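1. pasting the structure only:
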């Protein structure tokens, strides 16, 4: 079974540009999460989808970040306009449908974003 | 105060050694507890869940002390392949995972 996949693996953009990250969860997983690790810091939660609905977006840093999950399958995370402090590794994770906080979250390989 | 605190290490141990990592968390309402492992430039992967009764998986033993808000991981008979960063992870009231910064382990021949 395929794991969580993310695209692109790396992205280098200039400040002010727009970048869109994509995540494909494990097939059948209704729960999809975005996390971010900036240099020298711990991995931080951004938001949680259940199917196409945003269940918790308390970790989104500001309105330059927009996450979508149309159709409840893959998700995109758009940063517009990108700032230097947005550089980091963006991880996506998914978990099965049982809806418990004990469900294992399976992480994708991450997208390494560099904003110059 | 950070939600999850860990000693960053690095811990350098010889093969066959026993090593212990500790972690404290600040939210007494935390529901679920995990240890994740992260290899260099890779994604975090679940190592084991942690229960109040303690649990063991081969060479790995995890313990949770809710009263002290303290979590531990013990690795016995360390292997070279155990070299990685070990992340202490706690959930709050929702499903979001709160990560510590990780403890780096290097097992040497």
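-> That came through, no problem. Values in this document were obtained by computation on a predicted structure and should not be read as measured data.

2. Alongside chain A, which residues does chain B contribute?
-> Within chain B, the residues that sit near chain A (Cβ under 8 Å from any Cβ of the partner chain) are B:2, B:4, B:31-32, B:42-46, B:49, B:87, B:91, B:94-102. To be clear about C-beta, it is placed using only N, CA and C from the backbone, and glycine gets the same treatment.

3. if we go to 7 Å?
-> Contact residues, chain B versus chain A (Cβ under 7 Å from any Cβ of the partner chain): B:31-32, B:42-46, B:49, B:91, B:94-97, B:99-101.

4. least confident pick among those residues?
-> Lowest pLDDT among the residues of chain B next to chain A: residue B:94, with 78.

5. give me every residue that touches it.
-> By Cβ atoms under 7 Å, 6 or more residues apart in numbering or on different chains, the contact list for residue B:94 reads residue A:56.

6. Give me the distance between it and residue A:62.
-> 20 Å (Cβ to Cβ, to the nearest Å).

7. likewise residue A:32?
-> 21 Å.

8. how deep is residue B:53 tucked in, by neighbour count?
-> Residues near residue B:53, counting by other Cβ atoms under 10 Å in any protein chain shown, number 7.

9. Could I get the pLDDT score of it?
-> Confidence score, pLDDT, at residue B:53: 83.

10. which element is it on?
-> Assigned by DSSP states H and E, residue B:53 belongs to neither a helix nor a strand.

11. cool, residue B:106 as well?
-> strand B:103-108.

12. For that strand, which helices and strands make contact with it?
-> Contacting strand B:103-108 under the criterion 3 or more Cβ pairs under 7 Å, 6 or more residues apart in numbering or on different chains; DSSP states H and E are the following elements: strand B:11-14, strand B:84-91.

13. Apply 10 Å and report the result again.
-> Packing partners of strand B:103-108 (3 or more Cβ pairs under 10 Å, 6 or more residues apart in numbering or on different chains; DSSP states H and E): strand B:11-14, strand B:19-25, strand B:33-38, strand B:70-75, strand B:84-91.

14. what is the mean pLDDT for the first one?
-> Per-residue pLDDT over strand B:11-14 has a mean of 96.

15. Contacts for the least confident helix or strand in chain A by mean pLDDT, please.
-> Least confident helix or strand of chain A, by mean pLDDT, DSSP states H and E, is strand A:53-56 with a mean of 93. Outside strand A:53-56, the residues within contact range by Cβ atoms under 10 Å, 6 or more residues apart in numbering or on different chains are A:30-33, A:45-50, A:60, A:67-69, A:72, A:99, B:92-96.
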